[in-house]
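Visitor: Fold the stuff below for me.
(one chain, ligands or ions: 1)
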Amino acid sequence: MSRTPYIAANWKMNKTVAEAAQFIDTLLPRIAATQSDVVVCPPFTALAAVVERRYGTAVKVAAQNMHEEESGAFTGEISAPMLVELDVEAVVLGHSERRQFFGETDEALARKVPAALAADLEPILCVGESEEARDGGETEAVLERQLQTDLAGVDPVALSRVVIAYEPIWAIGTGRVATPEQAQEACACIRDVVRLRGAAADQIRILYGGSVKPGNAAEILSQPDVDGALVGGAALDPEDFAAIVEAAG
Ligand code: PGA
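Guide: This is a model prediction of the structure:
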């Protein structure tokens, strides 16, 4: 089964509104011919500007986090209806930096993923093992545990609308990229877990993230179970990001 490649730019805490606008204006002509899904994940403050500039193009916009409640006393948080109102289509959930620095738990994700789906936002759920877990041979167990908890409240039909990103923590922002074999193995493991949940596992897009660059993207993306990439550092430069989109074919 052929799945449409999915290439996402995770800007993290980078780019002002002016910088975001400039990036999009440079990127759009470079990717005009792509058949892939191209997704840009700006910080909250630049969401509206990116949404406005990408109208009429294939670019989708994702937020980097979301609270599971629709409104309430949650200072500093943003809800799904607020994102939907802006015409945002997707949301990154469970990025390892949120798990590591902001106390994001699998239990919270078990509430956030269904909340995003209910609001018609496409969740991009991130999972991945630490270096110690990989060295200890626990990669598959960690992925399975994260997926089982994070997706516990999602029924098999809705599950096919979730995008899953395999992001080994040891490869994020380190320049240390997983080998194509490691990426393939982990993404295949994720697909198996999803299949066991009764979902249409062949439809689900599974991405690799962690030091993806123009020079290594093609080889990683050629793996049968790797359907795309979640790109951090290299997605800050529109030329580099466009080259990665191109590598997806
Ligand atoms: P990186 O980040 O490409 O800079 O390693 C990836 C990510 O955190 O999504």
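
Visitor: Look up the closest residue to residue 186, ignoring the ones flanking it.
Guide: Using Cβ to Cβ, 6 or more residues apart in numbering and skipping residues adjacent in sequence, the residue nearest residue 186 is residue 166, 4.7 Å away. For glycine as for every other residue, the C-beta is placed from the backbone atoms N, C-alpha and C.

Visitor: which stretches of this structure aren't confidently modelled?
Guide: Scanning the chain for pLDDT under 70 picks out 1.

Visitor: What is whichever helix in the chain runs longest packed up against?
Guide: Longest helix in the chain, counting residues (DSSP state H): helix 180-196. The contact analysis (3 or more Cβ pairs under 8 Å, 6 or more residues apart in numbering; DSSP states H and E) places helix 180-196 against helix 139-150, strand 163-166, strand 206-209, helix 214-221.

Visitor: Would you mind getting the angle between it and helix 139-150?
Guide: 40 degrees (axes from the mean of the first three to the mean of the last three Cα atoms, to 10 degrees).

Visitor: Which positions in helix 180-196 come out as buried?
Guide: Going by neighbour count (16 or more other Cβ atoms under 10 Å), the buried part of helix 180-196 is 180, 182, 183, 184, 185, 186, 187, 189, 190, 191, 193, 194.

Visitor: Also stretch 227-241?
Guide: By 16+ other Cβ under 10 Å, the buried positions in stretch 227-241 come out as 227-236, 238, 240-241.

Visitor: ok so, going back, what pairs with the residue nearest to residue 186 across the strands?
Guide: residue 127, residue 208 (DSSP bridges).

Visitor: List the contacts of it.
Guide: 127, 128, 143, 183, 186, 187, 190, 206, 207, 208, 209 (Cβ atoms under 8 Å, 6 or more residues apart in numbering).

Visitor: which of the buried residues of helix 180-196 lies closest to residue 76?
Guide: Set against residue 76, the nearest of the buried residues of helix 180-196 by Cβ to Cβ is residue 190 (31.0 Å).

Visitor: I'd assumed residue 129 was in contact with that closest one.
Guide: No - between residue 190 and residue 129 there is no contact under Cβ atoms under 8 Å: 11.6 Å.

Visitor: returning to what we had before: I'd like to know which of the helices and strands packed on helix 180-196 is closest to the ligand.
Guide: Nearest of these to the ligand, taken as Cβ to the nearest ligand atom: strand 206-209 at 4.1 Å.

Visitor: Mind checking which of the buried residues of stretch 227-241 land in helices?
Guide: Those of those mapping onto helices are 238, 240, 241, per DSSP H.

Visitor: quick one: the second one from residue 247, how far?
Guide: Computed with Cβ to Cβ, to the nearest Å, the distance linking residue 240 and residue 247 is 11 Å.

Visitor: Between those two, which contacts overlap?
Guide: Jointly contacting residue 240 and residue 247 under the rule Cβ under 8 Å, 6+ apart are residue 214.
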